[in-house]
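S.K.: here is the input, now give the coordinates:
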Amino acid sequence: MAAEIPLHMKLKLLLISLVVFTGSLTRAQDASFSQFYGNPMYLNPALAGSKICPRLTLNYRNQWPSIPASFVTYSAAYDQYVDAVSGGVGFMVMTENMADGILTNTQASAIYSFRVNLAKSLTMNAGFQATYMQNKLNWNKLIFEDQLLSGIDNNLPPTQESPPDRQNIGLIDFSAGLLFGYNERLYGGLAVNHLTQPDNSFYSNGSSNLDMKITAHAGALVDLRDGLKSGDVEDLSLSPNIMYQQQGKFHQLNLGVYLNVYPFVVGAWFRHNFENPDAVIALIGFQQEKFKIGYSYDYTVSQLTNATGGAHEVSFAWQFDCGQKSIKQKAIKCPRF
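M.R.: From the prediction side, this is the model:
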């Protein structure tokens with residue numbers, strides 16, 4: 001007779017089941033960052049070159065750390081405005097490690113964003129992104145029902161289940177976006193990812209297409225002394241923001257605000273998935289002229305409860321000098337976190 005399955009094994013099995021179902025039976029969903037402006041080109045390819053001078057961004061997210069085998073995401077990106085092509089160019093790499101390496105997703109993207117000055121105070125960026133995506137399945141780490149029924153504690157026998165005919169798949173993907181900036185104080189954008197909806201099923205006779213992801217975001221930078229007056233207001237300002245995402249049947253709305261009291265930034269957010277409330281997010285950041293670093297924590301308020309450990313996220317960005325060349329374009333001042 002098999003021994004009682006330990007709690008940590010039950011939790012791991014639940015997480016593994018979510019991964020398996022996500023990868024083969026349901027529509028996969030993209031990773032989501034709470035500091036979405038801290039990973040600008042992942043939010044919207046039109047944000048490439050939006051700061052004009054060269055910029056390096058690094059991101060780390062650990063979701064549900066209290067569950068054995070959590071979801072960990074890393075991202076690194078570089079972008080700048082280039083006069084010769086009248087727009088911004090960017091490069092981004094991202095890796096998702098799901099369920100302790102059972103499923104990994106690695107992406108490499110090249111991005112171009114064309115800039116048009118529609119009026120004296122109104123600027124538009126149109127961004128285009130090409131991505132190579134690789135999904136890997138580590139079959140040997142999966143745990144199946146037949147193993148649990150006949151195994152004792154952690155000594156599990158081999159499964160009788162047959163592996164998929166491919167455990168490593170490569171995909172080509174395309175995305176596009178628009179970004180508008182008015183008077184360096186109002187901004188908004190729209191992005192559509194997975195325009196070709198590539199098939200990422202591990203079974204050659206299966207179908208698991210990536211649904212298009214539609215993102216709309218908007219906000220303002222309000223000087224607490226002079227309102228929406230143009231100028232550098234990051235020393236004392238308020239920045240209300242909204243972000244909506246839809247991917248297949250999944251819908252998400254983020255509402256929140258940043259308070260800049262130089263050199264510190266604090267923020268508070270509420271994320272709602274329409275079917276149920278998801279999380280309350282708190283952020284604290286430190287910024288200087290050349291760099292910024294931010295930390296945020298997601299406190300889960302959904303039925304999962306915060307026993308999952310919520311989510312920890314860290315962002316870092318380094319803003320390089322433009323050098324000796326004259327700057328002909330103005331930055332679109334979206335938040336840094």
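S.K.: quick one: the helices in this structure?
M.R.: 7-24, 40-43, 145-150 (DSSP state H).
S.K.: can you list the neighbours in contact with the second one?
M.R.: With contacts defined as Cβ atoms under 8 Å, 6 or more residues apart in numbering, helix 40-43 is touched by 33, 36-37, 47-48, 50, 57, 59, 75, 77, 79, 90, 92, 94, 109, 111, 127, 129, 189, 191, 215, 217, 243, 334. (Each C-beta comes from the backbone N, C-alpha and C, glycine too.)
S.K.: to the chain's geometric centre, what's the distance from that helix?
M.R.: Relative to its chain's centre, helix 40-43 lies at 7 Å (Cα atoms, centre = their mean, to the nearest Å).
S.K.: what mean pLDDT does that helix get?
M.R.: Computed over helix 40-43, the mean pLDDT rounds to 97.
S.K.: surely I242 is in contact with T215?
M.R.: No - with contact defined as Cβ atoms under 8 Å, I242 does not reach T215; the gap is 11.4 Å.
S.K.: the two: who's more crowded?
M.R.: Between I242 and T215, T215 has the larger neighbour count (other Cβ atoms under 10 Å), namely 22 against 13.
S.K.: okay, and the beta partners of the more buried one?
M.R.: A191, Q245 (DSSP bridges).
S.K.: distance-wise, check it relative to T123.
M.R.: 19 Å (Cβ to Cβ, to the nearest Å).
S.K.: cool, and Q287?
M.R.: 23 Å.
S.K.: and these two? Which one has more around it.
M.R.: T123 (22 against 19).
S.K.: the more buried one contacts K330, correct?
M.R.: Yes - using Cβ under 8 Å, T123 is in contact with K330, at 7.2 Å.
S.K.: what do those two both touch?
M.R.: With contacts defined as Cβ under 8 Å, 6+ apart, no residue is shared by T123 and K330.
S.K.: please name the bridge partners of F174.
M.R.: Beta-bridge partners, per DSSP bridges, of F174: A130.
S.K.: can you list the weak-confidence ranges in the chain?
M.R.: 1-28, 69, 150-154, 227-234, 324-328 (pLDDT under 70).
S.K.: separation between G188 and Q167?
M.R.: Distance from G188 to Q167, by Cβ to Cβ: 42 Å.
S.K.: can you check N117 too?
M.R.: 49 Å.
S.K.: the two: which has the busier surroundings?
M.R.: Applying other Cβ under 10 Å to N117 and Q167 shows that Q167 carries more neighbours, namely 14 against 11.
S.K.: need the contact list for that one.
M.R.: With Cβ under 8 Å, 6+ apart, Q167 has these contacts: K136, L137, N138, W139, F202.
S.K.: backbone dihedrals for it, both of them.
M.R.: phi -120, psi 10 (degrees, to the nearest 10).
S.K.: state the distance from it to Q147.
M.R.: 19 Å.
S.K.: number of nearby residues for the closest residue to Q252 other than its chain neighbours?
M.R.: Once flanking residues are discounted, Q252 sits nearest to Q245: 4.6 Å by Cβ to Cβ, 6 or more residues apart in numbering. When neighbours are defined as other Cβ under 10 Å, Q245 has 22 of them.
S.K.: so Q245 touches S32, yeah?
M.R.: Yes - the pair Q245 / S32 is scored as a contact, 7.4 Å apart, by Cβ under 8 Å.
S.K.: name the residues contacting each of those two.
M.R.: Counting by Cβ under 8 Å, 6+ apart, the contacts common to Q245 and S32 are Q252.
S.K.: my read: L283 touches G267, true?
M.R.: Yes - at 3.7 Å, L283 counts as touching G267 under the criterion of Cβ under 8 Å.
S.K.: still on that earlier bit, just give me the closest of the contacts of Q167 to S66.
M.R.: Nearest to S66, judged by Cβ to Cβ, of those is N138 at 22.3 Å.
S.K.: just give me the neighbour total for that closest one.
M.R.: For N138, using other Cβ under 10 Å, the count is 13.
S.K.: residues in contact with it?
M.R.: G101, I102, L103, T104, Q167.
S.K.: top of those by neighbour count?
M.R.: Counting by other Cβ under 10 Å, top hit in these: L103 with 24 neighbours.
S.K.: what bridges to that residue?
M.R.: M98, L137.
S.K.: roughly how far does it sit from K136?
M.R.: 7 Å.
S.K.: please name the nearest non-neighbouring residue to G188.
M.R.: Nearest to G188 is A218, by Cβ to Cβ, 6+ apart, at 3.6 Å.
S.K.: got the contact list for that neighbour?
M.R.: Y187, G188, G189, N241, I242.
S.K.: again, 10 Å this time
M.R.: By Cβ atoms under 10 Å, 6 or more residues apart in numbering, the contact list for A218 reads F180, L186, Y187, G188, G189, L190, P240, N241, I242, M243, Y244, C334.
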